[in-house]
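Trainee: okay, predicted coordinates and the sequence, questions at the end:
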Amino acid sequence: MSGIATDAGVGDSGISLVTVNANPPSGGAASGSVAANWPISVSLNSWINSLAVIATDGTPYANRTVKNINLTYIPFVTDTDGDGLDDAFELAIGTDPDNPDTDWDGINDGRELDFDGDGSFYNYHTDTDPQNSDSDGDGVNDGEEIAAGTNPLDNTSYPVTHDGDLNGDGEVNAAYVLIAERILLGKITPTQDQLDHVDVAPLVERLFRCPMACSTWEMCWLSSARRWG
């Protein structure tokens, strides 16, 4: 940036010093009514930059004139994949500048970095990991958790499927009645995964739904055991 400082017509005392944010430019002094033509190189940050230009005259009183300037700098950004992140920034953090969803979890990289509301950098405590589809390691990818309303950064918070597949074989059949019976008889303790998948299959629905509207699955099973056993 550059400027002109002069005391001409005011006191003709010349300019003894010009500073820009306390830094003196070259050519920042002149005598009498001569103007000081000064240039200076200034490093700008992205967005708003506040600069204070101060011109001091040549009198013994060193009268000063202050000019405050706000400059907005918007850097040129190359975002090849359109995920809201600059290509150079993606290379620096390890994401793919040619793929808007590096980890294929259904959330683009820019949204993952902006999970905490600040997309300027990746914070592993408060952002989902753009290089890991399951940030909290609970077995459900981040996109599915967000869609279900659970917390992708908390491995104790995940969608409950209720699909009736108690043993994880992809089927719903009489095997679940046997599993439920063993649980009712106290022969096995249900796993968290079994609890998450319970209460859908028609074959076992009566084992998990109490006509008395019990508040917990334990009460329902106890009620069922009393009625049928």
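Mentor: It's in.
Trainee: any idea how far apart the tips of stretch 130-145 sit?
Mentor: This stretch, stretch 130-145, spans 15 Å end to end (C-alpha to C-alpha, to the nearest Å).
Trainee: pull out the buried residues from it.
Mentor: Under the neighbour-count criterion of 16 or more other C-beta atoms under 10 Å, stretch 130-145 has 130, 132-136, 138, 140-145 buried. For the C-beta atoms, the positions are set from N, CA and C on the backbone; glycine is no exception.
Trainee: residue ranges of the helices in this structure, please?
Mentor: Using DSSP state H, the helices of the chain run over 87-93, 109-113, 142-148, 175-184, 192-197, 205-208, 217-228.
Trainee: count of neighbours near Ser13?
Mentor: Neighbourhood size, Ser13 [other C-beta atoms under 10 Å]: 18.
Trainee: what sits against it?
Mentor: Residues near Ser13 by C-beta atoms under 8 Å, 6 or more residues apart in numbering: Asp7, Gly32, Asp57, Gly58, Thr59.
Trainee: repeat for Val53
Mentor: With contact set as C-beta under 8 Å, 6+ apart, Val53 has these partners: Gly3, Val18, Thr19, Val20, Val66, Lys67, Asn68, Ile69.
Trainee: mark which of those residues are buried, thanks.
Mentor: Buried, going by 16+ other C-beta under 10 Å: Gly3, Val18, Thr19, Val20, out of those.
Trainee: what about those residues, which are in strands?
Mentor: Gly3, Val18, Thr19, Val20 (DSSP state E).
Trainee: returning to that earlier point: weed out the non-buried ones from the contacts of Ser13.
Mentor: Listed as buried from the contacts of Ser13 are Asp7, Asp57, Gly58; burial here means 16+ other C-beta under 10 Å.
Trainee: name the nearest of the ones in strands among the buried ones among the contacts of Val53 relative to Leu51.
Mentor: Among those, Val20 lies closest to Leu51 (C-beta to C-beta), at 6.0 Å.
Trainee: gap between that closest one and Trp38?
Mentor: From Val20 over to Trp38 the distance is 8 Å, taken as C-beta to C-beta, to the nearest Å.
Trainee: please apply the same query to Ala22.
Mentor: For Ala22, the distance to Trp38 - C-beta to C-beta - is 14 Å.
Trainee: which one of those two has more residues nearby?
Mentor: Neighbour comparison, Ala22 and Trp38: the larger count goes to Trp38, with 23 against 7 (by other C-beta under 10 Å).
Trainee: report the separation between that one and Gly32.
Mentor: Taken as C-beta to C-beta, the span from Trp38 to Gly32 is 17 Å.
Trainee: stretch 20-40 spans what distance, first to last residue?
Mentor: From its first residue to its last, stretch 20-40 covers 8 Å (C-alpha to C-alpha).
Trainee: ditto for stretch 91-104
Mentor: Terminal residues of stretch 91-104 lie 17 Å apart, using C-alpha to C-alpha.
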